[in-house]
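>>> Need the 3D shape of this:
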Amino acid sequence: MSTVPWLLLLVALLVSRSSGLSGLSHEDSGQEVLRYEGEATEATIINDPGVYLVEVFSARCGSCQEFAKTWHKFVKKYRRSYKFAEVDIDTKVGMAYAKKVGALQTGIPAVLMFKGPSGAAPTALVKGEPLSYTSLKKEVIEASAGLERTLKGSYLKQNKEKDATEF
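Next comes the predicted model:
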């Protein structure tokens with residue numbers, strides 16, 4: 001029996017484990033998504049000049065599992081235009097944050113857009129029902145109308161209180 005296939009499998013396994021980034025979630029997606037882990041993550045979402053799309057989900061939620069494929073496809077396609085974070089309500093800090101931003105009032109899965117100045121309420125784009133990729137894209141594009149973009153195409157948050165859209 002040749003050891004070459006086993007060595008290739010071992011190398012592939014080691015490479016896949018070492019390529020993971022700290023603070024990323026949905027490990028099988030391989031996407032750069034910030035995992036909500038408390039106040040430091042919240043400060044990043046609020047204070048970063050880039051627009052954040054934040055998914056609120058539970059691994060025990062059938063609708064969330066159904067929406068996951070759409071979310072990951074969207075993240076992959078638009079990772080240069082937006083910043084992404086995920087909040088797992090199966091954790092204490094995740095549940096507390098979801099309550100704080102009102103995501104549980106509309107249901108999960110939820111996707112919130114943080115596009116206003118620091119302290120502005122997020123805009124709810126997904127409200128308890130999984131959307132198709134096309135519908136999610138439409139919601140995000142509509143919510144992004146009027147936002148400035150960098151030369152590289154990333155959306156920037158509004159910097160005036162009066163321009164913020166209320167949740």
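>>> Surely Leu34 touches Arg79?
No - checked against CB atoms under 8 Å, the pair Leu34 and Arg79 is beyond contact range at 11.7 Å. (C-beta placed from N, C-alpha, C; glycine too.)
>>> and those two? which has more neighbours close in?
Leu34 (20 against 14; other CB atoms under 10 Å).
>>> For that one, which non-adjacent residue is closest in space?
Spatial nearest neighbour of Leu34, excluding adjacent residues (CB to CB, 6 or more residues apart in numbering): Ala85 at 4.1 Å.
>>> Tell me which residues are up against the top helix by length along the chain.
For the chain, the helix that runs over the most residues, judged by DSSP state H, is helix 62-78. If you take CB atoms under 8 Å, 6 or more residues apart in numbering as the criterion, helix 62-78 is touched by 26, 29, 31-33, 55, 57-59, 84, 108-109, 111, 126, 128-133, 136-137, 140.
>>> I'd like the next helix or strand past the strand or helix carrying Leu125.
According to DSSP states H and E, Leu125 maps onto strand 123-127. Using DSSP H and E, the helix or strand that follows strand 123-127 in sequence is helix 133-144.
>>> Just list what that following helix packs against, helices and strands only.
For helix 133-144, the elements it packs on are helix 62-78, strand 110-114, strand 123-127, judged by 3 or more CB pairs under 8 Å, 6 or more residues apart in numbering; DSSP states H and E.
>>> tell me the most buried of those?
Per-stretch averages of neighbours, counted by mean count of other CB atoms under 10 Å, single out strand 110-114 among these, with a mean of 26.
>>> Quick check: can you name the pairing partners of it and their directions?
strand 52-57 (antiparallel), strand 123-127 (antiparallel) (DSSP bridges).
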